[in-house]
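Engineer: here is a sequence with its predicted model. Questions after.
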Amino acid sequence: MHRSRHDLHAVLGAALLVVAAALIGRHLRARHDNLFVDWPPLYARWEPHVGPGTPAAILVAAAVVLYGPPLVARLPWRALLLAVWAAATAWTFSLAWIDGWYRGIAERLTSRYEYLRVIDRFQDIPATLRDFTHHILLDSPHHWPPHTAGHPPAATVTFVLLDRVGLGGGGWAGMWCIVVGASAGVAALIAVRALAGEDLARRAALFLVLAPAAVWVGVSADGYFAAVAAWAVALLALAVTGRSPAWAAGSGLLFGLALYLSYGLTLFAVIGCAVLLLGRHGVRRKPVLLLYLLTGLVVVPAVFTVLGFNWWEAYHILVERYYQGAGGKRPYGYFVWANLAGTVLVVGLATVAGLRRSVAELIRGAGEALRARRRGPEPGTGTGLPGGSGAGTVPPAGSGAETLSPAGTAVETVPRAGTGVETVPRPGTGVEAAPQARLAFLVCAALVALLAADLSGMSKAETERIWLPFTVWLLPAAALLPGPRLWLTAQAVLALLLNHLLLTSW
């Protein structure tokens, strides 16, 4: 009851932040007209409407809330992953379809700001890459549209390649972002299971499905970027928790691609380092993992560099372009906190409450770790926290019941209905809180990355789509909450209200 009261305080504070951002934003827009957004803090306009996707969205939400919790507990793990992907795709598509097929999906990436407007300029991809930086600035000849100029060329090249294989046009591009973007939740589940256990991953599953963030995954290219970055983290989590080192190479390959999809995804180094720290025992046992990771990481940058694109030069020119446009006029003093209000609407109130618990869990776990260090190691104890004493004493080999997890936590194998067996922290070792603390550490790493992006000043407004890669990793925090149906209902209602009351640009 005490923790629930604190959750409600956090939710109330977040709601007040959104109200303040809306009211102050309306005042600034009316008086100075320097926000360049119609419904601050979101890049949207007030337009209550319904559409063909309305019944489908309500049906998907109701089905997930009513039938999701028992299915999540019963389904085998791989079937659960497929179900989460399918449900997230249906949710994202139905929300986008509220605005209609053309306005909501097929035309989203064909506006004058978007990537598909320049597909015909990539007839010779190597030549275009060599010339790419010459068209970033607004005063350059035939300058790129804002989103093409604002991202490394892998973003546009993706849609060029889709066009080359016969999937050209806004409809295919929109469906690509929806289907691929919906897989980001699956990647997050895999990572949470590897690093914090299957129980927490299952508890997070439905919150990754009914996320209000789906409003912007369908349709923006940033939903696709979020999926690439999420799978990079997931493969790294698998690699450091005892799977094949080849997963580390795949992770590096996707991290490298992410860097050439969005400059801001360099901040995923924070989340990657958090995964390495959580899986440090696996890295110590197989340090070759780092070699595989770095080898994969250099592949995409090497290809683009050989083809003539200079990432560093382009980034510095982009900064100049950013201040030539609306980014140079939007007030930092407003958006540095209003962006966070927008993020509340993207992640939902359940995630806000989960983040409060994550921060509290991390503080508590860090305190326990410090106390354990001062006491010194004791038989059968450990915190399982980064910087803590690691695992407890493990019984002799051959006992069959207990072992040491790849992440270095004392665990035991227990039966689980419908899934065979599951490894969980061994009772009585002092590590029962370790899974929650490990999840909290991962979530807080994503929060740190998001705050760094905010403080940079390179994301003033439009962060509801720009920060999708980071917000995906905040959503699992809701796994720490009791009573999932109530919180899931709140998430679904918020997403439905946003999509029916506002006309978003993505």
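Structural biologist: Looks like it came in fine.
Engineer: Thr54 and Gly100 touch, don't they?
Structural biologist: No - contact criterion C-beta atoms under 8 Å: Thr54 and Gly100 do not qualify, at 10.8 Å. For glycine as for every other residue, the C-beta is placed from the backbone atoms N, C-alpha and C.
Engineer: which parts of this protein are strands?
Structural biologist: 44-46, 402-404, 410-416, 420-425, 502-504 (DSSP state E).
Engineer: in stretch 278-298, which residues are buried?
Structural biologist: Within stretch 278-298, the residues scored as buried using 16 or more other C-beta atoms under 10 Å are 278-283, 286, 289-290, 292-293, 296-297.
Engineer: between those residues, which is nearest Pro435?
Structural biologist: For these, the closest approach to Pro435 (C-beta to C-beta) belongs to Leu278, at 11.0 Å.
Engineer: need the contact list for the nearest residue to that closest one once chain neighbours are set aside.
Structural biologist: Computed as C-beta to C-beta, 6 or more residues apart in numbering, the closest residue to Leu278 that is not its neighbour in sequence is Leu195, at 5.0 Å. Each residue near Leu195 by C-beta atoms under 8 Å, 6 or more residues apart in numbering is listed here: Ala237, Thr241, Val275, Leu278, Gly279, Ala407, Arg438, Leu439, Leu442.
Engineer: quick check, pLDDT for Leu195.
Structural biologist: Each residue has a pLDDT score; the one for Leu195 is 96.
Engineer: neighbours around Leu277, how many?
Structural biologist: 15 (other C-beta atoms under 10 Å).
Engineer: quick check, distance from stretch 147-161 to the centre of its chain.
Structural biologist: 20 Å (C-alpha atoms, centre = their mean, to the nearest Å).
Engineer: show me which residues of that stretch are buried.
Structural biologist: In stretch 147-161, counting by 16+ other C-beta under 10 Å, buried: 147-160.
Engineer: one more: stretch 242-251?
Structural biologist: Neighbour count says stretch 242-251 has Arg243, Pro245, Trp247, Ala248, Ala249, Gly250, Ser251 buried, by 16+ other C-beta under 10 Å.
Engineer: mind listing residues that contact it?
Structural biologist: Residues contacting stretch 242-251 (C-beta under 8 Å, 6+ apart): 232-236, 238-240, 282, 286, 288-290, 292-293, 295-296, 406.
Engineer: and it, C-alpha only, in CSV?
Structural biologist: Extracted as CSV, the C-alpha positions of stretch 242-251 are listed here (Å, rounded to 0.1, in the frame of the first residue of the first chain):
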residue,chain,number,x,y,z
GLY,A,242,26.2,-17.7,-22.3
ARG,A,243,25.0,-18.0,-25.8
SER,A,244,27.2,-18.2,-28.9
PRO,A,245,29.8,-15.4,-29.4
ALA,A,246,28.2,-15.1,-32.9
TRP,A,247,25.4,-13.2,-31.2
ALA,A,248,27.9,-10.5,-30.2
ALA,A,249,29.0,-10.1,-33.8
GLY,A,250,25.4,-9.8,-34.9
SER,A,251,24.9,-7.2,-32.1
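Engineer: for it, give the mean pLDDT please.
Structural biologist: In the prediction, stretch 242-251 has an average pLDDT of 92.
Engineer: repeat that for stretch 358-377.
Structural biologist: The model assigns stretch 358-377 a mean pLDDT of 83.
Engineer: swap in stretch 473-492?
Structural biologist: 96.
Engineer: that stretch: how far from the chain's middle?
Structural biologist: 15 Å.
Engineer: and it, which residues are buried?
Structural biologist: Result for stretch 473-492 [16+ other C-beta under 10 Å]: buried residues 473-481, 484, 487-492.
Engineer: in this protein, where is pLDDT below threshold?
Structural biologist: Across the chain, the ranges flagged by pLDDT under 70 are 1-2, 377-433.
Engineer: what about the longest helix in it?
Structural biologist: As assigned by DSSP state H, the longest helix anywhere in the chain is helix 2-31.
Engineer: buried residues in that one?
Structural biologist: Applying 16+ other C-beta under 10 Å to helix 2-31 flags Asp7, Ala10, Val11, Ala14, Leu17, Val18, Ala21, Ala22, Ile24, Gly25, Leu28, Arg29 as buried.
Engineer: just put those residues in JSON lines and tack on distance to Val50.
Structural biologist: Putting the buried residues of helix 2-31 into JSON lines (distance: C-beta to C-beta, whole Å) gives the following:
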{"residue": "Asp7", "distance to Val50": "32"}
{"residue": "Ala10", "distance to Val50": "32"}
{"residue": "Val11", "distance to Val50": "28"}
{"residue": "Ala14", "distance to Val50": "27"}
{"residue": "Leu17", "distance to Val50": "29"}
{"residue": "Val18", "distance to Val50": "23"}
{"residue": "Ala21", "distance to Val50": "26"}
{"residue": "Ala22", "distance to Val50": "23"}
{"residue": "Ile24", "distance to Val50": "30"}
{"residue": "Gly25", "distance to Val50": "26"}
{"residue": "Leu28", "distance to Val50": "31"}
{"residue": "Arg29", "distance to Val50": "27"}
